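# This is a predicted model, with the sequence first.
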There are 2 protein chains.
Amino acid sequence: MLPFCTFDTLNHHMAKQPSTKDRILDAAEKLFATRGFYGVSIRQITTEADVDPALASYHFGKKKDIFNAVMLRRAEVLNRERIAMLDDCIRRAKPDPAPLNEIIDAFTHALLNRATQGGQGWKHYFAIIAQINNHPELGGIIMTQYFDPLAKKFIAAIQETMPDSQPEDLYWCYHFLSGALTLTFSGTERINNLSEGLCPPSDLYAVHDRLVPFITAGFKVFAQQSKIKQ
Amino acid sequence: MLPFCTFDTLNHHMAKQPSTKDRILDAAEKLFATRGFYGVSIRQITTEADVDPALASYHFGKKKDIFNAVMLRRAEVLNRERIAMLDDCIRRAKPDPAPLNEIIDAFTHALLNRATQGGQGWKHYFAIIAQINNHPELGGIIMTQYFDPLAKKFIAAIQETMPDSQPEDLYWCYHFLSGALTLTFSGTERINNLSEGLCPPSDLYAVHDRLVPFITAGFKVFAQQSKIKQ
DNA sequence: AACTTTATTCAACATCTGTTTAATTTATTC
DNA sequence: GAATAAATTAAACAGATGTTGAATAAAGTT
C-alpha cells in the first residue's frame, strides 16, 4: 500500500510511459480545462495525446464517455482522501463533536494538497470541476453524481457540531462553500488582476488560510435556530 | 426617465416586436447559457432567432463579438443599479461608514431583483456569468473587463467600514463572495438535488436572506489586522 | 421620384465535426 | 510456434462549422 504523500500522476506509474488510455485522458483533461466540453474536438485530444483519432472511440466510446472517464478518475482519489480526513478529525475530537473549522478544513485540504503538489493534471481537473459546478445543466447532474455522498457526510458532521441549526440553512451554507471553493481552485487570474498583483492565484496556501475561517464564520451565523425568519 | 421598477426586457420596448439585433442577442443569450460558447453554433442562434444565418455576421461580426455584445448589454444596466445602491447606502449612513451587511446587500440585491422579476433573459445572463466567472481563461479577461471598476468601489467601501483590515484579506474575501454569488444565481439544481427538494433553486429570496449574513460574517473575521499570520 | 443607405436573402467556400469500417500490427495464450 | 485476442492504423462517411460575396428588398433622404 502506498503512503499518503505519493502525489504522482495517476494509474500510469512513474518512469515508464503512460498507457494509451491515460494519454488520451491526460490530453482530454488538459483541453477540457481551458476550452470546455464543446470547445474541444476528438482530433484535438488525440493529436495532443499523439495517438490515432479512432483510438478514442475504441477505448472509451462516445465523446461524453471520455469526459466522464476524466471526471471519474480523480474524483475517486479525491473523495477517498476527503472522507479519510473527515473521519480522522471526528475521531480526534471524540467524544465531543469535531470543531467546525476542522470539518471545513477536512473538506478543503485535499484540494489544497493536490493543487499544490499533485502536478499539472490535478490543476486541469479542478479547472473542469469549477466549470461544471457552475453549469446550469451539468452542475445538477455530474456534481450530484460524483460528490453528493461526500457532501452529505460533511453536512451531517456539521449538523452534529451545530445541533440547533436547521438543515435548510446548512444546505445553503454548503452551497456558498461550494461556490467559493471551486472558484478558488479554478485557476482564474481574476483576483490577481483586480488586486494588481497583490493576490497571486498561485499562492493557494494564502487563499486557503483565509477560506477556512471565512467559511467557518459564515456557518456559525446559523448555529442557533431561527436566525432567519421565514 | 423611467422609474427603477421597469423590469421589462431591454432595448426592444414592450409591445412592438424586438429588432433583429435584439432577437439575435436574445437567442444567443439563451443558448450560450445552457451550452456555453463553443457548444452553440451561429446557425443554432439564427434558427432560434428566426433569422438568416448571414445576419449574425452582418450585425455583429465574428462569433466572439456576438458573445461580447450579449455580455455588455446587461452588464451596463446591472452595474449602474449596483453602484446606485452602494451610493445610496453610503449616503444614508453618513457621516459614519456604511454598515457592512448593507454594503454586501447593495452588491447582491440588484442580482436578486433582476433574477426574480427581470424575465427569462436575465436568468440566462446570470447562467453565462456563472460559467465565465469560473473559467480559467475568460474569468480573468471578461470578468475583469466588465466588473472590475464596480468591484473596486465595493472593496473601497468595505475598507472604510473595516479600517484596520488588510487589503489582501479583503480581496480574497471578495473572491469568496464572488464564487458564492455567481453560483447562487447560476440556476443549477445542485442543492435542490442534494437537499432532496428542501432547497429549491427557484426560491432565490431564501438563498439571498442567508447569503448576506453568511458573507458579512466571513468578512468580519478580518476586521482586525494580523488575524492571519504570514 | 430618383438616389443612397441599410437590411435581408440565398448559395457557396473550405474546413472541421464525431464516428465507423475494414485492414493491419502487436500482444497474449495454449 | 500456431491460434486467438487486443490494439493500432488509415481511409472514409455524411453532416455541421464560421464566414463571405453577390443579388435582392426595404427604408430613409433629398
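Cool, the structure landed.
# touching DNA strand D at all, the lengthiest helix in chain A?
In terms of residue count, the longest helix belonging to chain A (DSSP state H) is helix A:63-93. No. On the criterion Cβ under 7 Å from any atom of the strand, helix A:63-93 is out of touch with DNA strand D, staying 13.9 Å away. (Glycine included, C-beta is placed from N, CA and C.)
# Do a quick rundown of the helices in chain A.
Going by DSSP H, chain A shows helices at A:20-35, A:42-48, A:54-60, A:63-93, A:100-117, A:120-133, A:142-161, A:167-184, A:190-194, A:204-220.
# so which of the ones you listed comes closest to B:Glu29?
Among those, the nearest to B:Glu29 by Cβ to Cβ is helix A:120-133 (18.5 Å).
# Can you dump the C-alpha atoms of the closest one in CSV for me?
Output of helix A:120-133 as CSV, limited to C-alpha atoms (Å, rounded to 0.1, in the frame of the first residue of the first chain):
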residue,chain,number,x,y,z
GLN,A,120,-0.5,19.7,-13.7
GLY,A,121,-3.2,17.2,-14.2
TRP,A,122,-4.9,18.0,-10.9
LYS,A,123,-4.9,21.7,-11.8
HIS,A,124,-6.7,20.9,-15.0
TYR,A,125,-9.1,18.7,-13.2
PHE,A,126,-10.0,21.4,-10.7
ALA,A,127,-10.5,23.9,-13.6
ILE,A,128,-13.0,21.5,-15.1
ILE,A,129,-14.8,21.0,-11.8
ALA,A,130,-15.1,24.7,-11.4
GLN,A,131,-16.8,25.0,-14.8
ILE,A,132,-19.1,22.0,-14.3
ASN,A,133,-20.1,23.2,-10.8
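# Also compute the angle for that helix relative to helix A:20-35, please.
Helix A:120-133 and helix A:20-35 are oriented at 50 degrees to each other (axes from the mean of the first three to the mean of the last three Cα atoms, to 10 degrees).
# so what does helix A:120-133 touch, helix or strand wise?
Judged by 3 or more Cβ pairs under 8 Å, 6 or more residues apart in numbering or on different chains; DSSP states H and E, helix A:120-133 is in contact with helix A:20-35, helix A:63-93, helix A:100-117, helix A:142-161, helix A:167-184.
# Which among these is found nearest to chain B?
Of all the helices and strands packed on helix A:120-133, it is helix A:167-184 that lies closest to chain B, at 3.3 Å by Cβ to the nearest Cβ.
# Make a markdown table from the helices of chain A and add mean neighbour count and mean pLDDT to it.
What follows is the helices of chain A, written out as a markdown table (neighbours: other Cβ atoms under 10 Å in any protein chain shown; pLDDT from 0 to 100):
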| stretch | mean neighbour count | mean pLDDT |
| --- | --- | --- |
| helix A:20-35 | 22 | 96 |
| helix A:42-48 | 17 | 97 |
| helix A:54-60 | 16 | 96 |
| helix A:63-93 | 17 | 96 |
| helix A:100-117 | 20 | 97 |
| helix A:120-133 | 24 | 96 |
| helix A:142-161 | 18 | 94 |
| helix A:167-184 | 24 | 97 |
| helix A:190-194 | 22 | 94 |
| helix A:204-220 | 21 | 97 |
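# and B:Asp87, which of those helices is closest to it?
The nearest among the helices of chain A, by Cβ to Cβ, is helix A:190-194 at 20.5 Å.
# Who are the packing partners of the closest one?
Looks like helix A:190-194 contacts helix B:142-161, helix B:167-184 (3+ Cβ pairs under 8 Å, 6+ apart).
# how far out from the middle of the chain is the first one?
Right, the one you point to is helix B:142-161. Chain-centre distance of helix B:142-161: 13 Å, with Cα atoms, centre = their mean, to the nearest Å.
# Show residues contacting that helix.
Helix B:142-161 is contacted by residues A:188, A:190, A:193-194, B:68, B:71-72, B:75, B:79, B:82-83, B:86, B:90, B:97-100, B:103, B:106-107, B:132-133, B:165, B:167, B:170-171, B:174, B:219 when judged by Cβ atoms under 8 Å, 6 or more residues apart in numbering or on different chains.
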